[in-house]
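>>> Everything below, folded, please.
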Amino acid sequence: MAAPQAQAKVTTNAITPLCTTLNTGTAYTLDGTTTGGSYCYHFEITQRSKTQVFLTGQNANTDFALTLIKHEADDTLTSLGTSDQPGNADEGLLALTEPGDYYWSMDANASDGSAFQFGAVVNTAVDANELNDAASLSTPIPDDRTPMVGSMDSTQDIDYFNFVAENGQDLQIQLIDTYGQNEWVIEYFTGTLWNTLDANMLYNFGGLPAPFTLNVRISPNPAVAVNPAHDYELMVGARVTASDSVDVGSDENLVRMSASPFMTDQVHNELDWSIRVLDSSGNPVEGAEVTYYYYTDVIPVTGDTAISNSSGIAGNTISMPDCTGTRSTTDYSGGYTWLSEFNYGEWSIRVKDTDPDEVGVGGENYPTVTLGHVCDQTIQ
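Predicted coordinates for the structure are as follows:
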């Protein structure tokens, strides 16, 4: 292919490409170049993708540098990187390319006019965390225990992540594989080497310095075919090691029942519950999954789940159903005798991935707290 320096071409795009337009997915041959020359070609990306631009096949007298340039919507040019290997070594760049217009810009450090090849390979099977194929491009994981969802788009894909424990708090990590096909390899960096973990296993990290950065990478299992349609979930976050500020009850105007067995909490239609969860440094943990479990004589064991907020508080208001009491008791209050019809129940609070003897309410020694569900109260 002859090498025009810069040729304008009218297109239907918002911008006018500065160079001849070529297709991606094809290797083009360029010859007739000279030392000091600069050569430009345009290509278009129509959907978010990872693009590998390459320049190969240079002879011993040819030495080109390759630059990937984006033509911005405001008609400015942005360099996305340059590959300039010594001598006639191959050149290549990997970039996350949003829809738009791009250029191969090739500068001849040396050339005798011999042919070489260039092109671009576009992969549209990318996840929301790309581009994170190198440690220097590692995706930060937010401190709210939100799973990072990703996939492998090729056998060469590697996803790097990092989590910063600012206070040296204990951490948890888990790769969630819902397919059970062993498609991914998860590793964490010990400071000297990458150590492999098992999928679907929860790991705890403790005794960390402050601050501490946990570096994680996920890559395709070479023994399993890559399936870009399959997503993994990576959870890294602070480990919940304590809880406090438990509040369970009701603001309803009820006559407190004194029946046996003793009922710690008594409610009619609205039951409010909340708890605060903390990490090993005593700081609130956001994003923890907390479940309030309860049952009565007529209500089977039921779970009400909430996610802790930035203050570490998880809670909810439960609308209890109307009921017909299976039990009754009388109490004297305000100068009147009250008949209460009720159902007896119990409750507990569990925090996912924690020891119930250390976190939440209810453990081996005291598994539940008593609850009275008031159905009706009348003056006798």
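>>> what's the domain layout of this structure?
Domain assignment for the chain by automatic domain parsing gives 20-123, 135-238, 242-379.
>>> Need those in a markdown table (columns: mean pLDDT, distance to Asn129 and mean neighbour count).
For the C-beta atoms, the positions are set from N, CA and C on the backbone; glycine is no exception. Formatted as a markdown table, these follow (pLDDT from 0 to 100; distance: least, CB to CB, whole Å; neighbours: other CB atoms under 10 Å):
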| stretch | mean pLDDT | distance to Asn129 | mean neighbour count |
| --- | --- | --- | --- |
| domain 20-123 | 96 | 10 | 17 |
| domain 135-238 | 96 | 4 | 16 |
| domain 242-379 | 96 | 18 | 17 |
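>>> Val248 bridge partners, please.
Trp273 (DSSP bridges).
>>> quick one, what contacts it?
265, 271-274, 292, 347, 369 (CB atoms under 8 Å, 6 or more residues apart in numbering).
>>> just those residues now: which is nearest Asp244?
Closest approach between the contacts of Val248 and Asp244, by CB to CB: Ser274, at 11.0 Å.
>>> I'd like to know how far the residue nearest to the spatial centre of the chain sits from Leu171.
Against the mean C-alpha coordinate of the chain, by CA atoms, centre = their mean, the closest residue is Met148 at 1.7 Å. Separation of Met148 from Leu171 (CB to CB, to the nearest Å): 14 Å.
>>> Pretty sure Gly315 sits against Ala306.
Yes. Using CB atoms under 8 Å, Gly315 is in contact with Ala306, at 5.8 Å.
>>> Now do the SS call for the residue nearest to the residue nearest to the centre of the chain when sequence neighbours are not counted.
Once flanking residues are discounted, Met148 sits nearest to Leu234: 4.5 Å by CB to CB, 6 or more residues apart in numbering. Under DSSP: H, G, I helix; E, B strand; the rest coil, the three-state class of Leu234 is strand.
>>> Which strand residues bridge Leu234?
Met148, Leu175.
>>> from what I can see it touches Leu175, true?
Yes. Between Leu234 and Leu175 a contact is recorded at 5.6 Å, counting by CB under 8 Å.
>>> Identify the contacts common to these two.
Both Leu234 and Leu175 are in contact with 186, 218, where contact means CB under 8 Å, 6+ apart.
>>> in the stretch 151-300 of the chain, which spans are strands?
159-165, 171-176, 184-189, 194-197, 203-205, 212-220, 232-238, 242-249, 265-267, 270-278, 289-296 (DSSP state E, counting those that start in this stretch).
>>> how about the residue nearest to Met148, what does it touch?
With contacts defined as CB under 8 Å, 6+ apart, Leu234 is in contact with 141, 147-150, 161, 173-176, 186, 216, 218.
>>> how about these, which pair is most distant?
Val149 and Ile173 (15.4 Å).
>>> Give me the distance between Pro261 and Ser280.
Distance from Pro261 to Ser280, by CB to CB: 37 Å.
>>> Ok, which of the strands of the stretch 151-300 of the chain comes nearest Tyr336?
Per CB to CB, nearest to Tyr336 of those: strand 265-267, 17.7 Å.
>>> What pairs with the closest one, parallel or antiparallel?
Here, using DSSP bridges, strand 265-267 pairs with strand 369-379 (parallel).
>>> May I have the strand it pairs with as PDB, with CA atoms only?
Output of strand 369-379 as PDB, limited to C-alpha atoms (Å, rounded to 0.1, in the frame of the first residue of the first chain):
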ATOM      1  CA  VAL A 369     -35.000 -12.700  72.200                       C
ATOM      2  CA  THR A 370     -38.700 -13.100  73.200                       C
ATOM      3  CA  LEU A 371     -41.400 -11.300  71.300                       C
ATOM      4  CA  GLY A 372     -45.100 -10.700  71.900                       C
ATOM      5  CA  HIS A 373     -47.400 -10.000  68.900                       C
ATOM      6  CA  VAL A 374     -50.400  -8.200  70.300                       C
ATOM      7  CA  CYS A 375     -53.600  -9.000  68.300                       C
ATOM      8  CA  ASP A 376     -56.100  -7.100  70.400                       C
ATOM      9  CA  GLN A 377     -56.400  -5.200  73.700                       C
ATOM     10  CA  THR A 378     -59.800  -4.400  75.300                       C
ATOM     11  CA  ILE A 379     -61.000  -2.900  78.600                       C
END
